[in-house]
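Chemist: Prediction below, plus the sequence it came from.
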Amino acid sequence: MANAAQQGASRFLEIVLLIAVAWPCSICCPFLDSTEAGRFSWRLAPSVDATSNPILEAKIHMVGIMLLMGLLVVVTFSDLKPLVLKLFG
């Protein structure tokens, strides 16, 4: 934000507006967390009857959560890389 503030008032206000719009949207959609979104998508696909096979549903949810964990690790390391290079490089 400090960098955006140095670029000018219009860029700073653009980022503030983006945050002001994204934050309420995330609050208004609490049902879209990782596990409930998976269950919701199962209900949208009537050709897949996951309720009759809970083992299949559990395996697919486990794969989805593992992908989210992997994404979390990738984003964390990509955020920390510049800091580590600045401190030790």
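Modeler: Perfect, thanks for sending it. Numbering: from 1, shown residues only.

Chemist: pLDDT weak spots in this protein?
Modeler: Residues of the chain meeting the criterion pLDDT under 70: 1-5, 25-52.

Chemist: okay, now the domains of it?
Modeler: Using automatic domain parsing, the domain ranges for the chain come out as 1-31, 33-89.

Chemist: And the helices in the chain?
Modeler: 2-7, 9-28, 34-44, 54-88 (DSSP state H).

Chemist: Tabulate those in a markdown table, adding columns for mean neighbour count.
Modeler: C-betas here are computed from N, CA, C, even on glycine. Converted to a markdown table, the helices of the chain look like this (neighbours: other C-beta atoms under 10 Å):
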| stretch | mean neighbour count |
| --- | --- |
| helix 2-7 | 11 |
| helix 9-28 | 11 |
| helix 34-44 | 12 |
| helix 54-88 | 11 |
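
Chemist: so what's Ala9 up against?
Modeler: By C-beta atoms under 8 Å, 6 or more residues apart in numbering, Ala9 lies in contact with nothing.

Chemist: ok, it to Ala20 distance?
Modeler: 16 Å (C-beta to C-beta, to the nearest Å).

Chemist: and if you look at Met69?
Modeler: Remark: distance between Met69 and Ala20 (C-beta to C-beta) = 30 Å.

Chemist: next one: Lys86
Modeler: 30 Å.

Chemist: now do Asn53
Modeler: 44 Å.

Chemist: Could I get the contacting residues of Ile19?
Modeler: So Ile19 contacts nothing (C-beta under 8 Å, 6+ apart).

Chemist: before we move on, what about Asn53?
Modeler: With C-beta under 8 Å, 6+ apart as the criterion, no residue contacts Asn53.
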